[in-house]
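Chemist: Build me a structure from this.
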Amino acid sequence: MTILTASCHCGKNAFRIDGDMPAQLTRCTCSFCSKRGALLAYYTPEQFHVTTPAAADAIYRWQTKLVDHHFCPECGVSTFSDSPAFEMDGSWDGSTRRIGINARLLDGFDAAAAPVAVIDGKHLW
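Modeler: Predicted coordinates for the structure are as follows:
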């Protein structure tokens, strides 16, 4: 199994993924995602492991409060989001969650080489 590692700019927030890079990353056009500029890679909660103390983390929630957007309060970098596993039509089964990591934080990541799909979050949610 592949293990991917990542951290924020200052290193106070770090995590690992038990799994491979997805075949395609996601860029969302919703008001929040377009301003933060992350390229998202999605994983199950079981694949995702924070490796630094929880006290180093901060969370931003807006609108429905269903999505936890994590970031480093020290350097300000967006690290990951814990959200419902929404379908492309915006529906959700009410329980399944997913972790969307900021792939730009992955060690050795090359954004220029990553295939990216765009989700029209501006009009979806």
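Chemist: Buried ones in stretch 105-118, by neighbour count?
Modeler: Buried positions in stretch 105-118, judged by neighbour count with 16 or more other Cβ atoms under 10 Å: 105-106, 109, 114. Heads up, the C-betas are built off the backbone N, CA and C, glycines and all.
Chemist: Which single one of those is nearest to Thr52?
Modeler: Set against Thr52, the nearest of those by Cβ to Cβ is Leu105 (12.5 Å).
Chemist: wouldn't that closest one be in contact with Ala6 here?
Modeler: Yes. Taking Cβ atoms under 8 Å as the definition, Leu105 is a contact partner of Ala6 at 4.0 Å.
Chemist: what do those two both touch?
Modeler: Thr79 (Cβ atoms under 8 Å, 6 or more residues apart in numbering).
Chemist: re the thing from before, so among the buried residues of stretch 105-118, where is pLDDT lowest?
Modeler: Among the buried residues of stretch 105-118, Ala114 carries the weakest pLDDT, at 86.
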